[in-house]
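1. next one to model:
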Amino acid sequence: MPTPASLDLTRRVAAPRSSRRSTLVVAVLLIIAMSLALTANGRAASSYRVSVPVQLKPYDPDRWALLTANDYATARAIDPSLPDPFALPSDPVVDPDQIRQEAFVGPAAKPYRFVGASAQDRSRALYCLTAAIYYEAASESDDGQRGVAQVVLNRVRHPSFPGSVCGVVFQGSDRTTGCQFSFACDGSMARRPAAAAWARAARVAGTALAGKVDPAVGLATHYHTQAIWPRWGKSLVMTNVVGAHIFHRWRGRWGELAAFSQPYSGIEPTPGPYRPVALQLAGKSAVPAAVDSVPFSAVASPSVATAPETALASRRAAAAPAAAPEPEYRDPALAKSGQIKDKFSTSGEWIAR
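-> Below you'll find the model as predicted:
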């Protein structure tokens, strides 16, 4: 029989074997369970498998040589399709004053040539624009006159105004109130203009009709003198101050460049004003004159009107009914109609300090 000591030794050795056996059994069972779970998941997900062979390069020698080239000649030798950086145009020199002016004034109008449908339409457009420049800015500098011309042509291109030069200049002259340009309703055109000043205004008008854009006023469609501030001034955006006039444009999309998309009609109506001088000065309304009943060159300078146009005006005048004699005015202010007002005689000059 074994002694108590031997029994203790047997128990110490047998216990570790039983424990190892139990651990092995548990590990085998866990492996089987995991295999079954993975197999079930794989069958549930998909039974379709694809193997794609992939060949990996540690690097592309040619591309790496191109990236590590020390100069352009070496890189061009590796890849002849590389563009030549020295052939690209350099950035143009930008005028800082021009950038500041564009930021203050806004975008300029697009160049556009106002070509009439006929020689008569072209002559009428030149006359109407010249009249607007002369009676609105005869004492202004060339910059001031160009600003007035740009406003007229901006209106021609805007859908909220007539699509012709004469239609814009004499808009509302058939009513007692509502003239877009005051000279068309206050009797300023009763006197024949000065030839030299008219010729200067005609040169500015001709240049503007030919497509010359004045960026100093941008997309302005309104202006007024510095001596007044009309009620509508707050509803518009001021673009610039040129000479004696303050220029404004529409707010919002109506004043953006895309809004000036109205095509020029090319058909110019008979130049106005469309009320007799006596009724203009008296402030009374009258039925607009019949088409072509007003001689075209009635107040045009001989240096502007051409011989065919003068002959055409003569035929129209002969066919038209006799005009009422020009009234005589006792008021000295009315007698000076057509001249520059005294308070605006020095407009456009530097203010002495």
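
2. quick one: end-to-end length of stretch 216-231, please.
-> 24 Å (C-alpha to C-alpha, to the nearest Å).

3. packing partners for the helix or strand harbouring residue 203?
-> Using DSSP states H and E, residue 203 sits within helix 195-209. Where contact means 3 or more C-beta pairs under 8 Å, 6 or more residues apart in numbering; DSSP states H and E, helix 195-209 is packed against helix 119-137, helix 142-156. Glycine gets a C-beta too; all of them are placed from N, C-alpha and C.

4. would you reformat these as a markdown table and include mean neighbour count?
-> Compiled in a markdown table, the helices and strands packed on helix 195-209 are given as follows (neighbours: other C-beta atoms under 10 Å):
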| stretch | mean neighbour count |
| --- | --- |
| helix 119-137 | 24 |
| helix 142-156 | 24 |
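
5. for those helices, could you give me JSON lines that also reports mean pLDDT and distance to residue 181?
-> As requested, the helices and strands packed on helix 195-209 are arranged in JSON lines below (pLDDT from 0 to 100; distance: least, C-beta to C-beta, whole Å):
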{"stretch": "helix 119-137", "mean pLDDT": "96", "distance to residue 181": "6"}
{"stretch": "helix 142-156", "mean pLDDT": "96", "distance to residue 181": "9"}
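
6. JSON lines for the ones you listed, including distance to residue 240?
-> Listed next are the helices and strands packed on helix 195-209 as JSON lines, based on distance: least, C-beta to C-beta, whole Å:
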{"stretch": "helix 119-137", "distance to residue 240": "14"}
{"stretch": "helix 142-156", "distance to residue 240": "8"}
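
7. so where's the stretch 1-150 of the chain uncertain?
-> Applying pLDDT under 70 to the stretch 1-150 of the chain flags residues 1-21, 37-59, 88-93.

8. could you redo the last one with a cut-off of 50?
-> Within the stretch 1-150 of the chain, the segments meeting pLDDT under 50 span 2, 5-14.

9. how about the strands of it, start to end?
-> Using DSSP state E, counting those that start in this stretch, no strands are found in the stretch 1-150 of the chain.

10. for the helices and strands packed on helix 195-209, which one sits closest to residue 67?
-> Closest approach to residue 67 among the helices and strands packed on helix 195-209 (C-beta to C-beta): helix 142-156, 54.6 Å.

11. for the closest one, packing partners?
-> Packing partners of helix 142-156 (3+ C-beta pairs under 8 Å, 6+ apart): helix 119-137, helix 165-169, helix 195-209, strand 222-225, strand 237-242, strand 245-249.

12. and the second one, average pLDDT?
-> Put plainly, it is helix 165-169. Mean pLDDT, computed over helix 165-169, is 96.
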